[in-house]
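In: Got a sequence here, can you model it:
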Amino acid sequence: MVKLNSFIKICTAVILVLAIIYVGSLVNFIFKPLLSAITIITIPLMLSAFFYYLLRPLVNLLERNKVNRTVAVLLIYLFFALLIAGFIVGVWPSLQTQLVNLVDNAPDLFNSLSDKLEEIQESGFLSEYLPTDMNPLNELTNYLNKGFSFLTDYVSGLVSVISNITVVLIVFPIFLFYMLKENGRFGRTLVRFFPKRFHGEATEVIADIDHSLSNFIIGRVLINLALGVLMYVGFLIIGLPYALLLTVVAVIMNFIPFIGSILSSVPIVIIGFIESPSVAIWSLIVILVAQQIQDNVIAPYVFGKQLSIHPLTTIILVLVGGDIAGIIGILLIIPIYMIIKIISIKVYEMFFKSKWEDA
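Out: A predicted model of the protein is given here:
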């Protein structure tokens, strides 16, 4: 009878939640401005959280050396302003030249790609390994068109989210400044919302989440930078055109779990193939070797076993995140999963573990 009453209570709670959601959908005009505001501040908040975890150790180090926290944040802002100025003067001209050349030469590059594919098709080299009714040129063209459509759709969606770039540029540094200045005050404020008897557990959970997010973000930056160095050196050795530009794109794309490394490899191999088939093969070897070093040497050293997520879990999470919220969902899904996992483990330990083990 007790179990039946508990079941009825749970069902009632679920029905009430669904009813609230349904009623809310009928008056969505009330929530539309709120959703618009959330959409506008999503990118600044993501950037602020990302750089907060990157810069917090530096701010803490300066504070331990008797530097006022506000002054420490301003000094770091000044340092990054000088760093950006150095990038604009030292690196951007070369990067811009490669980008402009790539855009200007795009028609010629595609013509060269078509010519090389036709040569391979006419030579009959692939005829032994492919069905007789398959045309590799048409197949590749279809895949490229699908790939460009995929990227265009996602970029369009991303541009629509950050369409007001002025808001991002103004709000992001302000958010970041106060996050660095206040440090853990948000977590302490959040704990107060819980009943007093759960303050200790809530503090533990928030500390675990903070530690995991910090390790994840700093670790991703370190291993992606290491991957970029490995790839760039390899591309220079094999003589890959647009090496710097392709490396920068690969490093940025690798922040997208699982699919980022695949998507970034496609233009590298295509550019290598246009140069010569041997360069394409060597570029693929460089990518694979760099990623193996990243996954099996650098990542375990940086992450240890703290962030071990099964590859199958990662794939499922990326697919779900992409389906729900596109690129933003893909970027956020792993941290969200980590937060939910930490909270779930703590709730299980507090309310269910002893009962289930005794049963």
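
In: got the residue ranges for the helices in this protein?
Out: 2-26, 28-64, 69-90, 92-123, 136-161, 165-182, 185-191, 199-238, 243-253, 259-275, 277-293, 299-303, 311-347, 353-358 (DSSP state H).

In: weakest of those helices by average pLDDT?
Out: Mean pLDDT is lowest for helix 136-161 among these, at a mean of 55.

In: before we move on, back to that, turn the helices of the chain into CSV, columns for mean neighbour count.
Out: Yep, even glycine has a C-beta here, placed from its N, CA and C like the rest. Below are these laid out as CSV (neighbours: other C-beta atoms under 10 Å):
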stretch, mean neighbour count
helix 2-26, 9
helix 28-64, 14
helix 69-90, 13
helix 92-123, 13
helix 136-161, 12
helix 165-182, 16
helix 185-191, 13
helix 199-238, 17
helix 243-253, 19
helix 259-275, 19
helix 277-293, 17
helix 299-303, 16
helix 311-347, 16
helix 353-358, 9
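
In: Verify the stated contact: Ser264 with Leu245.
Out: No. Applying C-beta atoms under 8 Å, one finds Ser264 not in contact with Leu245, separated by 11.6 Å.

In: ok, Asn296 - how many residues close by?
Out: A count of neighbours around Asn296, defined by other C-beta atoms under 10 Å, yields 10.

In: And it, what's its pLDDT?
Out: 79.

In: Would you check how far apart it and Ile223 are?
Out: Counting by C-beta to C-beta, to the nearest Å, the separation of Asn296 from Ile223 is 11 Å.

In: can you check Gly200 too?
Out: From Gly200 to Ile223 the distance is 34 Å (C-beta to C-beta).

In: excluding its backbone neighbours, what's nearest Met253?
Out: Ser264 (3.8 Å; C-beta to C-beta, 6 or more residues apart in numbering).

In: show me the contacts for the one you found.
Out: 249-250, 253-254 (C-beta atoms under 8 Å, 6 or more residues apart in numbering).

In: ok, now with 10 Å
Out: 227, 231, 246-247, 249-254, 256, 287 (C-beta atoms under 10 Å, 6 or more residues apart in numbering).

In: Verify the stated contact: Asn183 with Arg69.
Out: Yes. At 7.4 Å, Asn183 and Arg69 qualify as touching, with contact defined as C-beta atoms under 10 Å.

In: any residues in contact with both of those two?
Out: 59-60, 63.

In: could those go into CSV alongside distance to Gly326?
Out: Shown next, in CSV, are the shared contacts of Asn183 and Arg69 (distance: C-beta to C-beta, whole Å):
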residue, distance to Gly326
Val59, 33
Asn60, 35
Glu63, 38
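
In: Which of those residues sits closest to Leu331?
Out: Val59 (24.2 Å; C-beta to C-beta).

In: what sits against that closest one?
Out: Val59 sits in contact with 52, 67, 69-70, 72-73, 75-76, 180-181, 183, where contact means C-beta under 10 Å, 6+ apart.

In: One more pass at 7 Å, please.
Out: 69, 72-73, 76, 180 (C-beta atoms under 7 Å, 6 or more residues apart in numbering).

In: now it: how far from Tyr77?
Out: Taking C-beta to C-beta, one finds Val59 at 11 Å from Tyr77.
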